[in-house]
Each structure stands twice: as C-alpha cells, then as structure tokens.
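> Predicted model, plus sequence, below.
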Amino acid sequence: DGFIWLDGEMVPWREAKTHVLTHTLHYGLGCFEGVRAYSTEKGAAIFRLKEHTDRLFRSAHILNMTMPFSKDELNAAQCAAVRENNLDEAYLRPMVFLGSEGMGLRADNLKVHVMVAAWSWPSYMSPEAKELGIKVRTSSYTRHHVNITMCKAKANGNYINSMLALNEAIASGCEEALLLDNEGYVAEGSGENIFIMRDGVLHTPELTSCLEGITRQTILDFAKELNIPVKERRITRDEVYIADEAFFTGTAAEVLPIRELDGRVIGAGKRGPLTEKLQGMYFDAVKGKSEA
Ligand code: PLP
C-alpha cells in the first residue's frame with residue numbers, strides 16, 4: 001500500500017502499473033537511482049538528494065532520453081514519496097523508462113516516463129556483515145564495453161552483468177561479487193565501489209570502469225578530512241588480496257568491510273580500523289550528526 005509518484009502524480013501503489021510492451025522492459029534502455037532517506041533529529045532526511053538527482057539527469061542525457069521534468073520537480077517528487085508514505089528510514093527508487101507506444105529498436109515515438117517509489121528497507125546487508133565483513137568472489141563476468149563506455153550512467157542494462165555476477169558469487173558461498181574490467185583490473189562490486197587500504201594509503205579504481213558512486217565521493221571527502229592520502233588508479237586483483245583493509249561503498253551497502261576475496265583472507269580477516277572509522281563517519285553523516 002501507499003503511493004508511487006508516476007509522471008507527475010501520486011498514484012496508489014497497486015495502480016502504478018506499466019504495459020507488458022513497455023519498451024525498456026524489452027531492450028533495457030532506461031536509467032535509475034538508488035537513494036536513501038534516514039531518520040534524523042529533524043525527521044526523515046534524504047542523503048545526497050541533489051547528487052542523486054543530478055546523476056539521474058546525467059544518465060538520461062547519456063542515454064539520449066529527454067527528461068520531461070525539471071530537477072526541482074524530481075527533488076520534490078522524492079521528498080513527497082517519503083512524506084506521503086509516512087516513511088522514516090527508506091529506500092527510494094527513481095526510474096526513467098520508455099513507454100509502450102512503439103516496438104522495435106527503431107521506435108521513435110516513445111514517451112519518457114518517470115517514477116519514484118519509496119519503501120521501508122532499513123538494512124540491505126545484515127548487521128553482522130557490516131561489522132564482520134563479507135566474503136567476495138572475483139566474477140567470471142567482466143564489466144564489458146557497455147558498462148565501461150556508460151559507467152557515468154546508472155543504466156538499467158548494466159545490471160544484467162551485475163545480476164549474473166552476484167548470482168554466481170552467492171552460488172559459490174560468497175556474499176558479493178568483484179567485477180574486473182576488460183583488461184583484468186578491478187572495477188567494482190555488483191552495486192558498490194571498492195576501496196583498499198595499504199601502508200596508510202587508500203586506493204580506489206579510477207572512474208573508467210566503475211560507476212561514479214556518490215558514497216565513493218563521500219568517502220574521498222572523509223579521507224581528505226582525515227588527511228589520509230588517496231590514490232585513484234588502476235588496481236589489480238592481487239593488490240586486494242594483500243591489502244591491509246578493503247571495503248565496498250554504496251547507497252545500499254553503505255560502508256561494507258570485505259574480509260575475504262577468492263578464499264584469501266584480507267588483513268586481519270575482520271573490519272579494519274580505518275574501515276570502522278569511515279563507517280562511523282558515514283553513519284553520522286547520513287543521520288545528520290556531522291557537517292558532511
Ligand atoms: N557501482 C554500481 C554498479 C552501483 O550500482 C552502485 C549503486 O548505486 C554503486 C557503484 C555505488 O554508487 P552510490 O554510492 O552512488 O550508491
């Protein structure tokens with residue numbers, strides 16, 4: 001129950017439907033965001049709302065989809081989705097997709113639809129995972145060209161790759177996948193950016209084969225605040241094996257320690273001190289307890 005914002009109106013949850021011939025359902029051209037609202041002293045607050053809306057508009061632009069709403073309207077829609085559903089801690093899913101007015105790749109009469117759904121989803125990963133870290137497997141699926149050339153867009157089609165990688169990791173007893181790029185360098189998780197800490201320096205892949213993560217940027221800002229040197233560069237898989245600490249970042253996963261990759265224990269095999277520090281700073285920031 002509740003409401004979903006669809007094309008400018010609040011629609012009852014069960015009535016927010018789309019046709020089976022929805023173009024995006026067939027060909028995958030669409031984009032979306034994953035946004036979160038946290039309960040703060042001042043009520044529910046959407047973390048990094050502007051950044052997520054800006055990225056949604058950049059994604060649509062890359063995919064050559066003309067947004068029928070302004071950024072202000074989309075920001076207001078996200079606030080309304082939290083408010084009208086009486087949510088406190090919430091996950092928000094704005095999505096831009098093509099309608100069912102035409103079929104085939106050459107269809108040029110398609111309407112661009114926009115929706116924002118919000119629901120209560122307090123934790124994507126278990127509290128134990130956040131504290132103890134997770135086991136990860138390097139995926140046999142790589143971030144291929146469509147991901148790499150479109151890594152600035154959070155595009156629906158990119159997630160086929162993510163889903164296959166994640167399913168494979170789970171089937172082999174791990175909790176998350178690590179995807180490499182076409183040349184074998186570390187790219188990202190199925191829905192997270194990765195960081196490693198070695199000899200006091202924080203490393204994260206440069207933005208050539210991974211999504212321009214908003215949490216990634218938040219962590220880079222924290223590192224600057226803490227005077228921790230950061231290198232954005234290509235990382236190899238063996239560097240992750242021998243790192244002192246490793247963690248994933250993402251709106252859903254937040255700051256998530258990695259304790260094992262491909263059966264190799266990373267560092268002390270548990271959440272490292274810097275990971276714990278950054279995790280704490282992140283939780284304070286989302287809860288509105290710091291300036292970040
Ligand atoms: N990489 C991928 C493939 C993602 O889907 C996400 C999630 O949005 C991220 C990284 C992390 O991005 P963000 O921190 O903006 O949520």
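Arrived safely, thanks for sending. Residues are numbered from 1 along each chain as shown.

> For the ligand, what's the nearest residue on the stretch 1-150 of the chain?
G34 (4.7 Å; Cβ to the nearest ligand atom). The C-beta positions use only the backbone N, C-alpha and C, and glycine is treated the same way.

> Quick check: that residue touching Y91?
Yes. With contact defined as Cβ atoms under 8 Å, G34 counts as touching Y91 (6.9 Å).

> what do these two both touch?
Common neighbours of G34 and Y91 (criterion: Cβ atoms under 8 Å, 6 or more residues apart in numbering): A252.

> what's the following helix or strand after the helix or strand bottoming out on mean pLDDT in the chain?
When each helix and strand of the chain is scored by mean pLDDT, DSSP states H and E, helix 145-149 comes last, with a mean of 54. Going down the chain from helix 145-149, the next helix or strand is helix 159-171, by DSSP states H and E.

> Could you list the domains of the protein?
The record's domain parsing of the chain by automatic domain parsing lists 3-119, 127-286.

> which one of those is the most hemmed in?
domain 127-286 (a mean of 19; mean count of other Cβ atoms under 10 Å).

> Now do it: distance from first to last residue.
Domain 127-286 has its terminal residues 17 Å apart, counting by Cα to Cα, to the nearest Å.

> What of stretch 79-95?
Termini of stretch 79-95 sit 15 Å apart (Cα to Cα).

> contact partners of that stretch?
2-5, 10, 30-39, 43-44, 46, 49, 52-53, 56, 74, 77-78, 114-122, 124, 156, 252.

> Narrow those to those in helices?
Under the assignment DSSP state H, the contacts of stretch 79-95 contribute 49, 52-53, 56, 74, 77-78 to helices.

> quick one: which of the residues you listed is nearest to V96?
Closest approach to V96 among the ones in helices among the contacts of stretch 79-95 (Cβ to Cβ): L56, at 6.8 Å.

> contacting residues around the closest residue to that closest one other than its chain neighbours?
Nearest residue to L56, sequence neighbours excluded (Cβ to Cβ, 6 or more residues apart in numbering): E33, at 4.8 Å. With contact taken as Cβ under 8 Å, 6+ apart, E33 is in contact with 52-53, 55-56, 92-95, 154.

> give me the subset of those touching the ligand.
K154 (Cβ under 6 Å from any ligand atom).

> Strands along the stretch 151-292 of the chain, start to end?
For the stretch 151-292 of the chain, the strands defined by DSSP state E, counting those that start in this stretch occupy 176-180, 186-189, 193-198, 201-204, 230-232, 245-250, 254-261, 264-265.
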